[in-house]
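Undergrad: Give me the fold of what follows.
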Amino acid sequence: MAVMTITKENFQREVLESDRPVLLDFWASWCFPCRMLSPVVDEVAEEHPSVKVGKVNVDEQRELAAMFNVMSIPTLAVVKNGRVEDQLMGVRPKQQIEALIS
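TA: The predicted structure follows:
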């Protein structure tokens, strides 16, 4: 499944009201570790269609970053049934991301 861009305008519908778990990738264009992690997140999205994957640009979506207490990027968060289930900070191997969503 394709990765979607999450904004404050679609957050309620795409994340909180999702019938599937949602993996959120908090990132910024100037962040080298974020650019390293991005293709891994894209792979996870393609290989796990049961999980919705969204990317949140922290420079453009400061309110969402604050809502998730994002202090460092990249940060990954899993939301299930409208609640944050888990979070990871930093570049992580694919296996660790897959464990996060399982």
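
Undergrad: drop to CA atoms for contacts and neighbour counts, all remaining ones
TA: OK.

Undergrad: max-length helix in the protein?
TA: The residue-count maximum for a helix in the chain (DSSP state H) belongs to helix 32-47.

Undergrad: what packs against that helix?
TA: The helices and strands touching helix 32-47, judged by 3 or more Cα pairs under 8 Å, 6 or more residues apart in numbering; DSSP states H and E, are strand 52-57, helix 94-101.

Undergrad: since we're on Lys80, how many residues are nearby?
TA: Neighbours of Lys80 under the rule other Cα atoms under 10 Å: 20.

Undergrad: mind listing what it touches?
TA: Contacts here follow Cα atoms under 8 Å, 6 or more residues apart in numbering; on that basis Lys80 touches 16, 18, 20-22.

Undergrad: what residue ranges in the chain are flagged as low confidence?
TA: Regions of the chain meeting the criterion pLDDT under 70 cover residues 1.

Undergrad: of all the helices and strands packed on helix 32-47, which gets the most neighbours per residue?
TA: Most buried of these, by mean neighbour count (mean count of other Cα atoms under 10 Å): strand 52-57, with a mean of 23.

Undergrad: What pairs with it, parallel or antiparallel?
TA: strand 4-5 (parallel), strand 22-27 (parallel) (DSSP bridges).

Undergrad: Direction-wise, compare it with helix 32-47 and give the angle.
TA: 160 degrees (axes from the mean of the first three to the mean of the last three Cα atoms, to 10 degrees).

Undergrad: Contacts for the next helix or strand after strand 52-57, please.
TA: Next helix or strand after strand 52-57 toward the C-terminus (DSSP states H and E): helix 62-67. With contacts defined as Cα under 8 Å, 6+ apart, helix 62-67 is touched by 7-8, 26, 56, 58.

Undergrad: Find the nearest non-adjacent residue to Met36, please.
TA: Val91 (7.3 Å; Cα to Cα, 6 or more residues apart in numbering).
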